[in-house]
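Participant: Quick one: sequence and predicted model below, then my questions.
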Amino acid sequence: MVTLAVSAEGPAAWENWRNAFREVAPDLQTVSWFDPTFDPAKADYALVWDPAPGEMAKMRHMRAILCSGAGVNQLVGRPDFPKDVMLVRMGGDQTAVLMADYVLWAIVALLRDTRTWALQQEKKVWRRNLEYRTSAETTIGILGYGNLGSAVAQRLAKAGFQVSAWCRRARPVEDIPLYFGEDGKVELLGKTDILVNLLPSTPQTRGLIDAEFLSHLKPGASLINVGRGDQVVADDLVSALDAGRMRGAVLDVFAQEPLEKDAVFWEHPKVFVTPHVAAEASCRMQATYVAQTIREIEAGKIPALTYHPEWGY
């Protein structure tokens, strides 16, 4: 029987994981990484988020390591990361739908300037800030056209928005206009009313969204960051918002999480802050994805969301 050792979210989450796997994959033997009687050498797979230092070295013999999040930069840069072991990112239908739902909400919130309404409600102010731009008049630019980016793009297109996307590698043109390369990125930014960042964290994307990057955006544009927090230079974004060059921002990820108490984003009148919740699927749905991924690997297949070191994600 295949054995999965569960480390993700710490010992307090073990019961939830065990119950979820019992329901969706009763044929899969699951053990808690934190069980004092557990022997890592006897596990075939591990489900992790951010293990304690040194623990990943105990996974060198495993067939694969599965991450409970869509990002894996907290794993691959560690000295104990076993580079010869397959690493698979979290995915699944529910994750993609949740992300598309979140981005749609964020776009409508920016489009209708609902941050102003929220601030007015706190002060019991009745002031009508009327917004007349419709979805059909709004151009959405998406950075990253992978599993999540394509799902978001399709949902927004169906909602009536004008949608384009930028991706790292050229691919056949689809029903969503795609841009490639640095020139394509600048062209996309210049046409964008609301930019959605879904890029992974790589050496090329860290600090990407800085003053120069933001200067290429269409005047009055807004930003939704659901990619990685280390991609946004906070001071540069605040400067663009304060100067009126940008209309607003919805931020779900941050370089430091939880967001520091003194961070300017908490009280900025043009910023919505959410606590990294855009696309966290239920424990049951994550367990379903993990079980299916293990079945694929056991059948000799390479899962679609396998980490590729040469790509950085």
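Facilitator: Right, received. Where do you want to start?

Participant: Got the domain ranges for the protein?
Facilitator: Each domain of the chain is listed here as a residue range: 3-92+281-298, 94-273, per automatic domain parsing.

Participant: right, and those - which one's nearest residue 309?
Facilitator: Of all those, domain 3-92+281-298 sits nearest to residue 309, with 7.3 Å by Cβ to Cβ. Just so you know, the C-beta spots here come from the backbone N, C-alpha and C atoms, and that holds for glycine as well.

Participant: okay but residue 8 is in contact with residue 34, surely?
Facilitator: No: checked against Cβ atoms under 8 Å, the pair residue 8 and residue 34 is beyond contact range at 11.1 Å.

Participant: The two - which one has more neighbours?
Facilitator: Between residue 8 and residue 34, counted using other Cβ atoms under 10 Å, residue 8 has the larger neighbour count: 22 against 14.

Participant: What is the lengthiest helix in the chain packed up against?
Facilitator: Among the elements of the chain assigned as helix by DSSP state H, the one spanning the most residues is helix 93-111. Using 3 or more Cβ pairs under 8 Å, 6 or more residues apart in numbering; DSSP states H and E, the elements in contact with helix 93-111 are helix 147-158, strand 194-197, strand 221-225, strand 246-251, helix 283-298.

Participant: Return the list of helices and strands in contact with the longest one.
Facilitator: Which is helix 283-298. helix 14-24, strand 45-48, strand 64-67, helix 93-111.

Participant: quick one: which of the ones you listed is nearest residue 122?
Facilitator: By Cβ to Cβ (comparing all of the helices and strands packed on helix 283-298), the closest turns out to be helix 93-111, at 16.0 Å.

Participant: one step back: dump the domains of the chain into TSV; add mean pLDDT and distance to residue 304 as well.
Facilitator: Below are these laid out as TSV (pLDDT from 0 to 100; distance: least, Cβ to Cβ, whole Å):
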stretch	mean pLDDT	distance to residue 304
domain 3-92+281-298	96	7
domain 94-273	95	7
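
Participant: can you tell which of those domains is closest to residue 311?
Facilitator: domain 94-273 (7.5 Å).

Participant: Let me see the contact set for the residue nearest to the spatial centre of the chain.
Facilitator: Taking Cα atoms, centre = their mean, the centroid of the chain lies closest to residue 227, which sits 4.5 Å from it. The neighbourhood of residue 227, defined by Cβ atoms under 8 Å, 6 or more residues apart in numbering, consists of 143, 144, 197, 198, 199, 200, 201, 205, 253.

Participant: Now with 10 Å, please.
Facilitator: 70-71, 143-144, 148-149, 196-201, 205, 208-209, 252-253, 278 (Cβ atoms under 10 Å, 6 or more residues apart in numbering).

Participant: Just give the nearest non-adjacent residue to it, would you?
Facilitator: Closest residue in space to residue 227, ignoring its immediate chain neighbours: residue 197 at 4.2 Å, by Cβ to Cβ, 6 or more residues apart in numbering.

Participant: Who does the one you found form a beta bridge with?
Facilitator: With DSSP bridges as the criterion, residue 197 is bridged to residue 143, residue 225.

Participant: what's near enough to touch it?
Facilitator: 141-144, 149, 205, 208-209, 223-228, 231-232, 251, 253.

Participant: wait, which of the helices and strands packed on helix 93-111 is closest to residue 81?
Facilitator: Here helix 283-298 is closest among those (Cβ to Cβ), at 18.5 Å.

Participant: Can you point out the buried residues in the closest one?
Facilitator: 283-291, 293-294, 296-297 (16 or more other Cβ atoms under 10 Å).

Participant: Measure how buried residue 133 is and give me the count.
Facilitator: 10.

Participant: Doesn't it lie inside a helix?
Facilitator: No: checked against DSSP: H, G, I helix; E, B strand; the rest coil, residue 133 lies outside a helix; its state is coil.

Participant: List the single closest residue to it in space, sequence neighbours excluded.
Facilitator: Nearest residue to residue 133, sequence neighbours excluded (Cβ to Cβ, 6+ apart): residue 111, at 6.2 Å.

Participant: so the one you found touches residue 224, yeah?
Facilitator: No: counting by Cβ atoms under 10 Å, residue 111 does not reach residue 224; the two are 11.3 Å apart.

Participant: Are there residues contacting both of these two? Which ones?
Facilitator: Common neighbours of residue 111 and residue 224 (Cβ under 10 Å, 6+ apart) are 194, 248.
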